[in-house]
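Enquirer: here's my sequence, what's the structure:
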Amino acid sequence: MRIVQILHGSPPASMGGTGLYVQALSTALADLGHTIAIVAPGPAATTTLGETDGVTLYTIPTPRPKRWRDTWDHNLLPWTDWLGEYKPDVVHIHHLSAIPLGLVAAIDCRTVLTLHDYAIPCARGQMVTAALKSCNGPSPLSCTQCLGPALNSNPLKATIGRVLQRIPPVYNALRARTNRPSFEPHSDVADRLEAAQAAIEAADVLLSPSLDLANRVASMGYRRPELTDLPLLQTPAPPMAPSNGPVRFLFASSIIPTKGPDRALAAFARLNGNSELTIAGHTPHFDGHPGFGDALKIAAERTPNVQWLDAVPSLSVPALMAQHDVLLLPSIWPENSPLVVREATAAGMGIIACKIGGVGELAPNAALISTDAELLQAMASAQRMGRVRHPMKLWPNPREHAKALLDARYR
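Expert: I've put the predicted structure just below:
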């Protein structure tokens, strides 16, 4: 079969857990004898990135958006022309950021759409507002209020905004003044919600890795996704022998507000007793919160027994987990099915994570928390238990997962 995997950026490994999954799935499908392409939006001058492990990487020329609408509604022709020339049997879509939402309906072969987060129904992707408040679902009015000035942006304003983001106090003060609630839904917001509905309906197969996300999407009035198990992408490293040393906590995810690294650091600073914390992850831009990662790094460096590692290559994660005891993921958004939690359960780590979302489906024995007080309590409990290892959970490997997709979804 000729199978296309559509992702929101390239190279795949730079796209976080979803990109790593797509890369592993594509390699497994190629090993099974299929012709595989990963396609992503990219600079206008680039069309082919070459071949790795039997998988060819392509980018479709995509202009930089000049207005908010351009982030989801722009020229479909480069995509449909490329697909027409490639002639795939199956197109598997994993993300539509920077890709027209209308692409799903324009594909004329079997189409599979996996929802790895909420980026189709939610323009911010995580069901969390600009003020970091939980959102129950999109609507023309609530999305207009949440997106604020972005709806009326132009190139000059965008440039000024990027400059001001380097001066967080000024940027935040101006944002607070310009981001006042609007009582009239924006027409572009209503159009995007219609496009999101059409995209979800157009897929031949709609998948979700977690029951939680499937339930939430259905509660918003969208079609209910079918459940799919995701694989473990790497073999866990042998854990270090238990010792009587300090309990070692690990935060290993993106350094953004919705992942809760600041919550992890604040709770650790309040712990009594002997323990250590490692914070590892890349620090992408997060709209409305400029300088978040820089400020957190400074705070971490001032906190005793905290190690800051910045981004860690994915191949180094198993060894990092073997050296730690408890994974911390105190997110404030409903995590779908995090790769890092799969890796932690396979490594035998303890897990303290957000109660909302799908983490509990992956790790039934995890300590699930909501409040900062519950987070501190769970960390103190782990500290009292000492350096223990839990049974290592087994997961499908990428080849097994690829075979299941071929038999049950692609054909």
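Enquirer: measure the nearest residue to Thr62 once chain neighbours are set aside to Leu227 for me?
Expert: Nearest residue to Thr62, sequence neighbours excluded (Cβ to Cβ, 6 or more residues apart in numbering): Pro41, at 3.7 Å. Every residue, glycine included, has its C-beta placed from N, CA and C. Distance of Pro41 to Leu227, given as Cβ to Cβ, to the nearest Å: 28 Å.
Enquirer: which one's more surrounded, these two?
Expert: Set Pro41 next to Leu227 and count neighbours by other Cβ atoms under 10 Å: Pro41 wins out with 22 against 14.
Enquirer: if we can go back for a sec, from memory the residue nearest to Thr62 sits against Ile99, does it?
Expert: Yes - taking Cβ atoms under 8 Å as the definition, Pro41 is a contact partner of Ile99 at 5.7 Å.
Enquirer: name the residues contacting each of those two.
Expert: 8, 62 (Cβ atoms under 8 Å, 6 or more residues apart in numbering).
Enquirer: and the residue nearest to Thr62, what element?
Expert: strand 35-42 (DSSP states H and E).
Enquirer: what is the mean pLDDT for that strand?
Expert: For strand 35-42, mean pLDDT rounds to 94.
Enquirer: what pLDDT does the closest residue to Ile3 other than its chain neighbours get?
Expert: Nearest residue to Ile3 in three dimensions, chain neighbours excluded: Val90, at 4.8 Å (Cβ to Cβ, 6+ apart). For Val90, the model assigns a pLDDT of 98.
Enquirer: what of Asn172?
Expert: pLDDT, Asn172: 60.
Enquirer: same check on Gly358?
Expert: 96.
Enquirer: any idea how many residues pack against it?
Expert: By other Cβ under 10 Å, neighbour count at Gly358 equals 22.
Enquirer: so what's it up against?
Expert: By Cβ under 8 Å, 6+ apart, Gly358 lies in contact with 209-213, 334-337.
Enquirer: of these, which is the nearest to Thr71?
Expert: Asn336 (21.2 Å; Cβ to Cβ).
Enquirer: next, the buried residues of stretch 281-301.
Expert: Residues of stretch 281-301 classed as buried: 281, 283, 286, 288-293, 296-297, 299-300 (neighbour count, 16 or more other Cβ atoms under 10 Å).
Enquirer: what about it, how long is it end to end?
Expert: With Cα to Cα, to the nearest Å as the measure, stretch 281-301 spans 15 Å from end to end.
Enquirer: got it, and stretch 393-407?
Expert: Stretch 393-407 stretches 25 Å from its first residue to its last (Cα to Cα).
Enquirer: got it, and stretch 321-339?
Expert: 13 Å.
Enquirer: same question for that stretch, mean pLDDT?
Expert: 96.
Enquirer: same check on stretch 277-296?
Expert: For stretch 277-296, the mean confidence score works out to 93.
Enquirer: mind checking how far that stretch is from the chain centre?
Expert: Centroid separation for stretch 277-296 versus its chain: 15 Å, with Cα atoms, centre = their mean, to the nearest Å.
Enquirer: for stretch 230-237, same thing?
Expert: For stretch 230-237, the distance to the chain centre is 18 Å (Cα atoms, centre = their mean).
Enquirer: next one: stretch 312-324
Expert: Remark: stretch 312-324 is offset 19 Å from the chain centroid, using Cα atoms, centre = their mean.
Enquirer: where in this structure is pLDDT low?
Expert: The chain contains residues with pLDDT under 70 at 44-50, 153-183, 242.
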